[in-house]
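Student: Give me the fold of what follows.
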Amino acid sequence: MILKPVFTVSLLSALVLSGCQTMQQTESARTGAGLTGQPTQAATPDNPENFVQRSAAAAVTTNQSTATATYANASSANTSSANAKATVAVLQSATPEPPADLWQQTRNNFQFDLNPDQKRFRAQLKWYDTHPKYMNRVIDRASRYYHHILGEVLKRGMPAEIALLPVVESAFDPFAYSHGRASGAWQFIPGTGKRFGLRQSWWYDGRRDIVASTRAALDYLDLLQKRYNGDYLLALAAYNCGEGNVDKAIKRNRRAGKPIDFWSLKLPKETSAYVPKLLAVARIFNNPEEFGFEPKTIPDKPYFKIVPTDGQLDLAEAARLAGINIEELYLLNPGFNRWATDPKGPHYLLIPVEQADTFAKNLAALPADKRMRWDRYVVRRGDSLSTIAQKYKTTASVLRVTNNIKGSLIRVGQPLLIPQARHQPSSYVLSQAQRQLRSQQKIARTTRKRKVNYTVKSGDSFWSISRKYKVNVRSLASWNSMAPRDPLSIGKKLVIWQQPKSSTKLASVRQGGQMVRKIGYRVRSGDSLSRIAGRFKVKISDIQRWNKLDKSKYLQPGQRLTLYVDITR
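Tutor: Below you'll find the predicted structure:
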């Protein structure tokens, strides 16, 4: 909000001659009482309430203090209390209330040049401008997390544009996982995650923990901007491609006598588009009316509260105690891979503000034996930790930790405690196993590929398995919720999706009197799915499935389609 002057010359003169000693006394009485006359609270991750409002209040109070001091210096000794009160009233009438919408608060704290004269920026701006539905889907996902993220950014004095970085990184999907092994809303790769304190285990991946990953991302970006003398564009580029690549590009330009700003550096293709994407997103949020965009409102109030759990807890039980569905619990706590929290921590859960007190009260009353389910197993001849773990769908390392076992030696008759889910696996809808199962079901439902189950053997790698089954390495890893460089353990079960034999050699195989060939077709003006299907004697539903077409969108001239046509018809 921009304040317009409310003082005329005559009014200002009267105010200067008014009783400002009273104002000084009023201001002195407020010193040490916080921004609004009340004791302030630290804005910590455990107490995030109203941080953003306090940031705005701080700016408003600073402006009031400055104005008060100015009038006090010009005042005379003989003043009236009534005039002093009138002065305060005028000042207060000119003071805006903190914005109730987080987007306005974001705009108020933008610091970057959001209109660079750069072709790369204009290209990204055009893309986001023409995809408003995508932007609002991102806002829907961000609504749970944005108050916390923006508050943490502003608390550090960083540009508000940084709070929008997850739009570019992951579209605010906390379960996002790239082929480069980056995970979470802030897309940390394993090594960088560990470097900034994000622990990764069978139970838990800190890269997906909203609170922990936000802290780590801002730590990293703060380190980078200091490395590049406050140049946030270079810091963002290094966040994407690593400090080494940016340093090399800077040295290369220095040797050539060229500028060393972001726009002048030769960086990897992805990074060259990465920074312009963020600037384009910020530009649209800065002036949505210019682009005919109506962003969904996110209120300026906390969505969740951090509640201590004091130990491991079954997540379905936690959802019941909080009175929320388990999907909501997983969306707020996406760092947990399984059906329970990690025995090594973190020992807290993010709970919607309205249910947080209820959860804490119910958890305190929960008997210890109801927090988790434990199965007792007695070691038999021929058992090993790995075979027992495989039977109970866990890992040998989990059994070691649970039973205080060093190494792999166990003896016949030894009792083991094995952690188990209290409910059916399908109850834990966003656990790693259930997310992978839904992905498999979608492939089976939308394609004609056949499923092959494969058990990893000694010497196997994604590359060798993909060569054997004639599939793409990235696809093979993706089908199994992994990345191509992830390690494979012997005995691990993989799923492979292959084209049916009738379509793997379409150009040469005749079946049932048919000769099917794969052809490419470029959509022409006036084409429709119905017209194309009639021309090539195929079904509309087949064209949609072969090309993964969105039924709600029209074909565009020049669009390429893949068709499987019986050339004997």
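
Student: Report the separation between the two terminal residues of stretch 465-484.
Tutor: Criterion C-alpha to C-alpha, to the nearest Å; first-to-last residue distance in stretch 465-484 is 11 Å.

Student: for it, which positions count as buried?
Tutor: In terms of neighbour count (16 or more other C-beta atoms under 10 Å), stretch 465-484 has its buried residues at 465-466, 471, 473, 476-484. Where you see a C-beta, it was placed from the backbone N, CA and C, and this is true even at glycine.

Student: Kindly present those residues as a markdown table, with separate columns for secondary structure.
Tutor: Putting the buried residues of stretch 465-484 into a markdown table (DSSP: H, G, I helix; E, B strand; the rest coil) gives the following:
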| residue | secondary structure |
| --- | --- |
| 465 | helix |
| 466 | helix |
| 471 | coil |
| 473 | helix |
| 476 | helix |
| 477 | helix |
| 478 | helix |
| 479 | helix |
| 480 | coil |
| 481 | coil |
| 482 | coil |
| 483 | coil |
| 484 | coil |
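
Student: Which of those sits closest to residue 233?
Tutor: Proximity of the buried residues of stretch 465-484 to residue 233 (C-beta to C-beta) peaks at residue 483, which lies at 28.1 Å.

Student: Isn't that closest one up against residue 181?
Tutor: Yes: counting by C-beta atoms under 8 Å, residue 483 touches residue 181, with 4.0 Å between them.

Student: Not counting residues beside it along the chain, what's closest to residue 498?
Tutor: residue 450 (5.5 Å; C-beta to C-beta, 6 or more residues apart in numbering).

Student: ditto for residue 533
Tutor: Nearest to residue 533 is residue 540, by C-beta to C-beta, 6+ apart, at 4.7 Å.

Student: quick one: that neighbour and residue 551, what's the gap?
Tutor: In this structure, residue 540 and residue 551 are 10 Å apart, going by C-beta to C-beta, to the nearest Å.

Student: Those two - which one has more neighbours?
Tutor: residue 540 (15 against 8; other C-beta atoms under 10 Å).

Student: Just put the buried residues of stretch 465-484 in JSON lines and tack on pLDDT.
Tutor: Formatted as JSON lines, the buried residues of stretch 465-484 follow (pLDDT from 0 to 100):
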{"residue": "465", "pLDDT": "88"}
{"residue": "466", "pLDDT": "85"}
{"residue": "471", "pLDDT": "84"}
{"residue": "473", "pLDDT": "83"}
{"residue": "476", "pLDDT": "85"}
{"residue": "477", "pLDDT": "82"}
{"residue": "478", "pLDDT": "78"}
{"residue": "479", "pLDDT": "79"}
{"residue": "480", "pLDDT": "82"}
{"residue": "481", "pLDDT": "73"}
{"residue": "482", "pLDDT": "75"}
{"residue": "483", "pLDDT": "74"}
{"residue": "484", "pLDDT": "77"}
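
Student: Can you name the residues bridging to residue 314?
Tutor: On the basis of DSSP bridges, residue 314 takes part in beta bridges with residue 340.

Student: Count the neighbours of it for me.
Tutor: Look at residue 314: counted by other C-beta under 10 Å, it has 24 neighbours.

Student: Next, the contact list for it, please.
Tutor: Listed by C-beta atoms under 8 Å, 6 or more residues apart in numbering, the contact partners of residue 314 are 339-340, 371-373, 421-423.

Student: Phi and psi next, for residue 419.
Tutor: Dihedral angles of residue 419 (phi, psi; degrees, to the nearest 10) stand at phi -70, psi 140.

Student: That one bridge partners, please.
Tutor: residue 374.

Student: Looking at the contacts of residue 314, spot the one nearest residue 211.
Tutor: Closest to residue 211, out of all of the contacts of residue 314 and judged by C-beta to C-beta, is residue 340, at 18.7 Å.

Student: Would you agree that closest one is in contact with residue 309?
Tutor: No: counting by C-beta under 8 Å, residue 340 does not reach residue 309; the two are 10.3 Å apart.

Student: So the two - more neighbours on which side?
Tutor: More crowded of residue 340 and residue 309, by other C-beta under 10 Å: residue 340, with 25 against 17.

Student: Compute the first-to-last residue distance for stretch 248-265.
Tutor: 10 Å.

Student: ok, now stretch 451-463?
Tutor: The first residue of stretch 451-463 is 19 Å away from its last residue (C-alpha to C-alpha).

Student: quick one: buried residues of it?
Tutor: Across stretch 451-463, burial judged by 16+ other C-beta under 10 Å covers 454, 456, 460, 462.

Student: So which of those is the closest to residue 315?
Tutor: Closest to residue 315, out of all of these and judged by C-beta to C-beta, is residue 456, at 28.5 Å.

Student: Without its sequence neighbours, what residue ends up closest to the closest one?
Tutor: residue 492 (4.4 Å).

Student: measure the one you found to residue 486 for me?
Tutor: Separation of residue 492 from residue 486 (C-beta to C-beta) stands at 10 Å.

Student: ok, now residue 517?
Tutor: 37 Å.

Student: Am I right that residue 286 is in contact with residue 109?
Tutor: No: if you go by C-beta under 8 Å, residue 286 and residue 109 don't touch, sitting 10.9 Å apart.

Student: Same drill for the two, tell me which one is more crowded.
Tutor: The neighbour count for residue 286 versus residue 109, taken as other C-beta under 10 Å, is higher for residue 109 (20 against 17).

Student: for the stretch 101-250 of the chain, what spans make up the helices?
Tutor: Ranges of helices within the stretch 101-250 of the chain are 102-108, 119-129, 132-142, 146-155, 165-170, 190-195, 210-227, 232-241, 243-255, based on DSSP state H, counting those that start in this stretch.
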